[in-house]
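*Asks:* pasting the sequence and the predicted model now:
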Amino acid sequence: DGGITQSPKYLFRKEGQNVTLSCEQNLNHDAMYWYRQDPGQGLRLIYYSQIVNDFQKGDIAEGYSVSREKKESFPLTVTSAQKNPTAFYLCASSMGQVGYTFGSGTRLTVV
Amino acid sequence: KQEVTQIPAALSVPEGENLVLNCSFTDSAIYNLQWFRQDPGKGLTSLLLIQSSQREQTSGRLNASLDKSSGRSTLYIAASQPGDSATYLCAVHSSNTGKLIFGQGTTLQVKP
């Protein structure tokens, strides 16, 4: 079955620590996206990539970094510069105008 | 700037009712509109995708309509069931920015 796999499901970050969220897709989609979801704020775009080795900042990119070395993979690193990282993170992919497919999410908590 | 609004924010109905969720958007320059379902703590599941040239799409008990000129879409759920309880999100794929813009969602509770 084709889809998007996000790991881990739950992640805990200590103050000052960088953490990386994994996103892998086997849909052969060109574009991939990272969204952040907070209660009462809806989904906000962090970064997106339309093609391998290229990515663009979204609306709330500060404190985050990404890479796109392979078509299937789009990892998100939450750096220590992100002061309020506790949130639910969703990865998505799309191809042309066939709609977006989302992963099951990673819940990140600062401890 | 594209803005997407969903009304109502929350809805509680008895089992068996037919119901309508509303979505409005401010810019008609869209590729398509997509309805998603989200269960608590889970990812988004795509329900229906309507291309900008289409008027409606149907899947089982779900029917979504699109009126691009008025900036409106509705999601109709027939014969609601407790298993339909979830948050429903509307999103438009902007042809100006290429981005997917989400509404805040409607949280539906269907009581047995």
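*Replies:* That came through, no problem.
*Asks:* strands along the chain, start to end?
*Replies:* Unless you meant another one, I'm taking chain A. Here chain A has its strands, by DSSP state E, at A:4-7, A:10-13, A:19-25, A:31-38, A:42-51, A:54-57, A:64-66, A:76-78, A:87-94, A:100-102, A:106-110.
*Asks:* sorry, I should have been clearer: chain B.
*Replies:* For chain B, the strands defined by DSSP E cover B:4-7, B:10-14, B:19-25, B:30-38, B:44-51, B:56-59, B:62-67, B:72-77, B:86-94, B:100-102, B:106-111.
*Asks:* same list (these) but as TSV, adding mean pLDDT.
*Replies:* Output for the strands of chain B, formatted as TSV (pLDDT from 0 to 100):
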stretch	mean pLDDT
strand B:4-7	96
strand B:10-14	96
strand B:19-25	97
strand B:30-38	96
strand B:44-51	96
strand B:56-59	96
strand B:62-67	98
strand B:72-77	98
strand B:86-94	96
strand B:100-102	93
strand B:106-111	97
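*Asks:* just send those back as a markdown table, with mean neighbour count and distance to residue A:62 too.
*Replies:* C-betas here are computed from N, CA, C, even on glycine. As requested, these are exported to a markdown table (neighbours: other Cβ atoms under 10 Å in any protein chain shown; distance: least, Cβ to Cβ, whole Å):
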| stretch | mean neighbour count | distance to residue A:62 |
| --- | --- | --- |
| strand B:4-7 | 18 | 24 |
| strand B:10-14 | 13 | 32 |
| strand B:19-25 | 19 | 27 |
| strand B:30-38 | 22 | 26 |
| strand B:44-51 | 19 | 24 |
| strand B:56-59 | 14 | 37 |
| strand B:62-67 | 19 | 35 |
| strand B:72-77 | 19 | 32 |
| strand B:86-94 | 23 | 22 |
| strand B:100-102 | 22 | 20 |
| strand B:106-111 | 17 | 30 |
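*Asks:* burial of residue 85, as a residue count?
*Replies:* As the question left the chain open, I've gone with chain A. By the criterion of other Cβ atoms under 10 Å in any protein chain shown, residue A:85 has 20 neighbours.
*Asks:* hmm, no, I was thinking of chain B.
*Replies:* Close neighbours of residue B:85, defined as other Cβ under 10 Å, add up to 16.
*Asks:* circling back to that earlier point, for residue A:54, which of the strands of chain B is the nearest?
*Replies:* Among the strands of chain B, the nearest to residue A:54 by Cβ to Cβ is strand B:100-102 (18.3 Å).
*Asks:* which among the strands of chain B is found nearest to residue A:79?
*Replies:* Taking Cβ to Cβ, strand B:100-102 is the member of the strands of chain B nearest to residue A:79, at 24.7 Å.
*Asks:* chain center to that closest one, what's the gap?
*Replies:* The chain centre lies 12 Å from the centre of strand B:100-102; the measure is Cα atoms, centre = their mean, to the nearest Å.
*Asks:* now swap in stretch B:7-26 and tell me
*Replies:* Distance, centroid of stretch B:7-26 to centroid of chain: 9 Å (Cα atoms, centre = their mean).
*Asks:* got a list of what the closest residue to residue A:37 other than its chain neighbours touches?
*Replies:* Sequence neighbours aside, residue A:88 is the residue nearest to residue A:37 in space, at 4.4 Å (criterion: Cβ to Cβ, 6 or more residues apart in numbering or on different chains). Applying Cβ atoms under 8 Å, 6 or more residues apart in numbering or on different chains to residue A:88 gives the contacts A:36-38, A:105-108, B:41.
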